[in-house]
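Novice: take a look and give me a structure for this.
(3 chains)
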Amino acid sequence: MTTDKPYPLNAWYAAAWDDEIKHELAARTVCDMDVVLYRCTDGQIAALEDACWHRLLPLSMGRLNGDEVVCGYHGLIFNSAGRCTFMPAQKTINPSACVRAYPAVERHRLVWIWPGDPALADPAKIPDFHWNDGTDWVGEGGTFYSLKCDYRLVIDNLMDLTHETYVHAGSIGHEAITDSPFDVTHTDHTATVTRWMIDIDPPPFWANLLGQRSRVDRWQIIHFQAPSVIVGDVGVAVTGTGAQHGDRSRGVNGAFLAVISPETEKSCHYFWNFVRNFRKDDQQLTLALQKGHVNEGRGVYDQDHVVLEAQQRAIDRNPRMPFYNLNIDAGALWARRMIDRMLVAEQGQGRHAEQAAE
Amino acid sequence: MTTDKPYPLNAWYAAAWDDEIKHELAARTVCDMDVVLYRCTDGQIAALEDACWHRLLPLSMGRLNGDEVVCGYHGLIFNSAGRCTFMPAQKTINPSACVRAYPAVERHRLVWIWPGDPALADPAKIPDFHWNDGTDWVGEGGTFYSLKCDYRLVIDNLMDLTHETYVHAGSIGHEAITDSPFDVTHTDHTATVTRWMIDIDPPPFWANLLGQRSRVDRWQIIHFQAPSVIVGDVGVAVTGTGAQHGDRSRGVNGAFLAVISPETEKSCHYFWNFVRNFRKDDQQLTLALQKGHVNEGRGVYDQDHVVLEAQQRAIDRNPRMPFYNLNIDAGALWARRMIDRMLVAEQGQGRHAEQAAE
Amino acid sequence: MTTDKPYPLNAWYAAAWDDEIKHELAARTVCDMDVVLYRCTDGQIAALEDACWHRLLPLSMGRLNGDEVVCGYHGLIFNSAGRCTFMPAQKTINPSACVRAYPAVERHRLVWIWPGDPALADPAKIPDFHWNDGTDWVGEGGTFYSLKCDYRLVIDNLMDLTHETYVHAGSIGHEAITDSPFDVTHTDHTATVTRWMIDIDPPPFWANLLGQRSRVDRWQIIHFQAPSVIVGDVGVAVTGTGAQHGDRSRGVNGAFLAVISPETEKSCHYFWNFVRNFRKDDQQLTLALQKGHVNEGRGVYDQDHVVLEAQQRAIDRNPRMPFYNLNIDAGALWARRMIDRMLVAEQGQGRHAEQAAE
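Specialist: Residues are numbered from 1 along each chain as shown, chains lettered A, B, ... in the order given. Just a heads-up that it's a prediction; the model follows:
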């Protein structure tokens, strides 16, 4: 084990929904780094260290002047690359005067930033999150900003859906989930948990969407992309119509989407959505699904919120206690193993070198 | 001195009033241990570690199923002995899966738990607190849960009543207290402070209860039982009628009762009562006495509350400053000496061994 | 560098406005020392350690009895020199029983205390702050108690007024400040920043006071007295009338006054005033100037308040980051250099000796 931070830095993390970033300054903390985000006049996203080079005042307390940020204290100006272009009362600008600029890309309706080595920030590595594009799949989600738990606890939560039976009894919970076997597969940087519940009575949520009360086959296929993206392909189809073999035409299909970005070691931003590929123009249904997930403490994700923060407090209270694992944790354990691999790889490079130099 | 926690673990501590523990889950922290309490269908009290074996979620966030606790996250079930009896999605239960069960006994209208070695938890060692039984003595008290001070500051407070003259001027305070000599005696695990004020004008509180304005003999006999129980035998009798020699027939007699359970090193639960052995059916009087002690900040114990928390803050501000002692502290010093003995004995056994093994 | 506290102790610090200290107990924390202040019947100021010798309860929770303080817990009494004159229930008073008494002097409408070695507390060393006396100069100020920043950040703020252009745009801010050259001079324990802006359009604030719209010469002459007093001689005069050479008769002259007393390492009390030597009887103007500086978040000092606390939070978030300096910081750097000298001198004497003795 290592005492380092529990998140890799060389990764793309969502920092905001795209429509949250306008031509104005917005502060975010990601991986314990304070960042100020804004949209340039050409539509590109700028992401700068949110502390003036001079006296550390958050640049987000300043103002935009064109595509440059003016510090609200002494008026230093930084361009979108982080370079200082003006210093008060002096003609010469210290050439080393700059703030860090983070690689930032807008994709899949989210703004992603790369807190690690900019040289490694390849946009091709942005997770596949096309379900969130608003084209083939539709839905409106939201964000739990500053959720008070280690981001990995959210991953644990989503990689094992048996918790639905207990945390979400009465809505999507169902004893069939706990009773049904599941498979875990993985690649180098992904893990997938697949569970099929064959010939069961549909839970109310899915019966309503299917529009009939027949027996169904239900699936939950959860894809994890390290370090912090989850897409859960979920749905039901009339039993015996071939869903498990690829024909979902007699069913309804949704996907829960999650990007969980570490804010600090013990807090995170949880961007979520629930999308579907049917009744795509039904705004009423979109709204109902959104409210079913988060609704002033009464949605299913609100229930998770309470559990996750309580779990973090319990971990803080019992710092030496190990986690014991059950069979149901197989998916979450693969996810954590991949995160650990990223951490080891990253620490093997830059971080250990830094430590040696201290 | 030792850097260990300031409370012995091998002791009975009150965790709740008996009527607070029903057939439902109740969370308490005692000696920095999170405990979930509930009453089984046979009336017995169960007290379990309030953190699931699996992922630490407080069991108190779950629900009862008969006499077993179902975790609110993944549905693990624990019986009242702490043993896991169900794991989701698996037939085999890990035989080591359990949470800690604390010895718990209901006595003297309180629920007592033993945070230390269960093998040593002898119910015969529960402090004599029969004044609280509601039989020979009657009264209604209350609890300051999470009072923000070291539990020993409350003991200091109660073992020296000269503070009444200053903190409670105008009600039970009286200069005679400060002026009168007192004795301190002790056994192995008790200390007693005895003060007689002979032939004095009764303070208003006692004059009212006595029902006459004659001169009185007043007594304060404070029994401490280590580590945290105090019974204060207090009263007045018409002077010259032999109270000091055992005949209290011309007087009125009350007792202030206190159990102070450490919550953390710097907070405690203070269970209090004030009982009497006269006018026992007078509900009005019971209520008046209760309100005299705690009444939205205006009772005498409310006054102590403010002082105790301010004292703790001052100690935190001056961590290296020693306490200087006065003659009046003799009783409190004996109480602390007994606590220290328990700590030394306990650390001589188990705790040091643990530390050596680390 | 040193890990010691960032303020010298052998210095006079303002603890209160004189009219705040009456014949009643008032608590203040200065240089991380809790102090109780009161005015004796002869008008002298007493300043005692705010923790009873016996059990540390803040004496400010007690009461005055003549010129002595009665502890609110057990009634110990301390005179204004800090010596214990009464102990409950005992005739003999421990001769070592005392609380610390701080040298305290009332001058220039403020109460000054000396947290360091009392033998060095020479009233002649109280900073020259006669502008605040209410005689030649008049004005009404105020205090930001417990401003959440290192006191030196306030000094930085006041020693460089280019920040007015950015923080106070629209009132006293003016691009001429940033554009104009300035001089820094210093003595052993003072630093002075002088800036003249010749033949400029007056900013609205000064144009109003001057009562005419002619071009002006504007001056900002900021005197720093180590460790924490600043007097800013500011004003404008009709251009070409000799102000820069000593004739201010065709101008208006004010002074901003600041004493910044460390409360803790990361908080301070900021006593401020803005005085003038013209229209001295104009109460309306006095009030308008006061409200211009602090007015429920809308005054110019309220704007600084927000910036200073944000800067401190940023420093806490980036503990290893050095401060980079600009030309405009020359005055602040001299101020800090003088504080550092005082610290080194002080640590060279007493403090290191103490550490060696531990």
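
Novice: going by C-alpha atoms from here, please, whenever you check contacts or count neighbours.
Specialist: OK.

Novice: return the residues in contact with the residue nearest to A:P58 when sequence neighbours are not counted.
Specialist: Distances taken as CA to CA, 6 or more residues apart in numbering or on different chains place A:A51 nearest to A:P58, at 4.3 Å, with adjacent residues excluded. Residues in contact with A:A51 (CA atoms under 8 Å, 6 or more residues apart in numbering or on different chains) are A:D34, A:L57, A:P58, A:L59, A:V99, C:A314.

Novice: scan the residues you listed and report the most crowded one.
Specialist: A:L59 (30 neighbours; other CA atoms under 10 Å in any protein chain shown).

Novice: does that one touch A:C71 like I think?
Specialist: Yes: here A:L59 lies in contact with A:C71, judged by CA atoms under 8 Å, at a distance of 5.4 Å.

Novice: spell out which residues are contacts of both of these two.
Specialist: With CA under 8 Å, 6+ apart as the test, A:L59 and A:C71 both reach A:C52.

Novice: and A:T41, how many neighbours does it have?
Specialist: 11.

Novice: identify the residues contacting stretch A:163-177?
Specialist: A:157, A:161-162, A:178, A:197, A:200, A:203-205, A:300, A:303-304, B:71-75.

Novice: how far off centre is it?
Specialist: Stretch A:163-177 sits 23 Å away from the centroid of its parent chain (CA atoms, centre = their mean, to the nearest Å).

Novice: same thing with stretch A:149-164?
Specialist: So, by CA atoms, centre = their mean, the centroid of stretch A:149-164 is 12 Å from its chain's centroid.

Novice: what's the mean pLDDT across it?
Specialist: For stretch A:149-164, mean pLDDT rounds to 94.

Novice: related to what we said a few turns ago, of the contacts of stretch A:163-177, which belong to strands?
Specialist: A:M197, A:I200 (DSSP state E).

Novice: from the contacts of stretch A:163-177, list the buried ones, please.
Specialist: Buried residues within these, counting neighbours by 16 or more other CA atoms under 10 Å in any protein chain shown: A:157, A:161-162, A:178, A:197, A:203, A:300, A:304, B:71-75.

Novice: now these as TSV including distance to chain C?
Specialist: Conversion of the buried ones among the contacts of stretch A:163-177 to TSV gives the following (distance: CA to the nearest CA, whole Å):
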residue	distance to chain C
A:N157	30
A:L161	37
A:T162	39
A:T178	44
A:M197	49
A:P203	48
A:V300	34
A:D304	30
B:C71	38
B:G72	36
B:Y73	35
B:H74	37
B:G75	40
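
Novice: mind checking which of the residues you listed land in helices?
Specialist: A:N157, A:T178, A:V300, A:D304 (DSSP state H).

Novice: with distance to B:N253 as added columns, please give those residues in JSON lines.
Specialist: Formatted as JSON lines, these follow (distance: CA to CA, whole Å):
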{"residue": "A:N157", "distance to B:N253": "60"}
{"residue": "A:T178", "distance to B:N253": "63"}
{"residue": "A:V300", "distance to B:N253": "58"}
{"residue": "A:D304", "distance to B:N253": "55"}
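
Novice: point out the least confident one among these.
Specialist: Among these, A:T178 has the weakest pLDDT, 81.

Novice: ok, it - contacts?
Specialist: If you count contacts by CA under 8 Å, 6+ apart, then A:T178 has A:T162, A:T165, B:P88, B:A89 around it.

Novice: check the secondary structure at the second one for me.
Specialist: Assigned by DSSP: H, G, I helix; E, B strand; the rest coil, the conformation of A:T165 is helix.

Novice: low-confidence ranges, the stretch 151-300 of chain A, go.
Specialist: Residue ranges of the stretch 151-300 of chain A with pLDDT under 70: A:170-171, A:173.

Novice: what ranges does it have for its strands?
Specialist: Assigned by DSSP state E, counting those that start in this stretch, the stretch 151-300 of chain A shows strands spanning A:182-186, A:190-200, A:216-225, A:229-238, A:251-264, A:267-276.

Novice: the fifth one packs against which elements?
Specialist: In other words, strand A:251-264. Identification of packing neighbours for strand A:251-264 by 3 or more CA pairs under 8 Å, 6 or more residues apart in numbering or on different chains; DSSP states H and E yields strand A:13-17, strand A:26-30, helix A:151-159, helix A:204-210, strand A:229-238, strand A:267-276.

Novice: ok, and what's touching whichever helix or strand A:T85 is part of?
Specialist: Using DSSP states H and E, the element containing A:T85 is strand A:84-86. By CA under 8 Å, 6+ apart, the surrounding residues in contact with strand A:84-86 are A:G75, A:L76, A:I77, A:F78, A:N79, A:I93, A:A97, A:C98, A:V99.

Novice: outline the domain layout of chain A.
Specialist: Here the domain parsing of chain A from automatic domain parsing is A:13-124, A:136-344.

Novice: of the ones you listed, which is nearest C:Q244?
Specialist: domain A:13-124 (21.0 Å; CA to CA).

Novice: next one: that closest one to chain centre, how far?
Specialist: Distance, centroid of domain A:13-124 to centroid of chain: 21 Å (CA atoms, centre = their mean).
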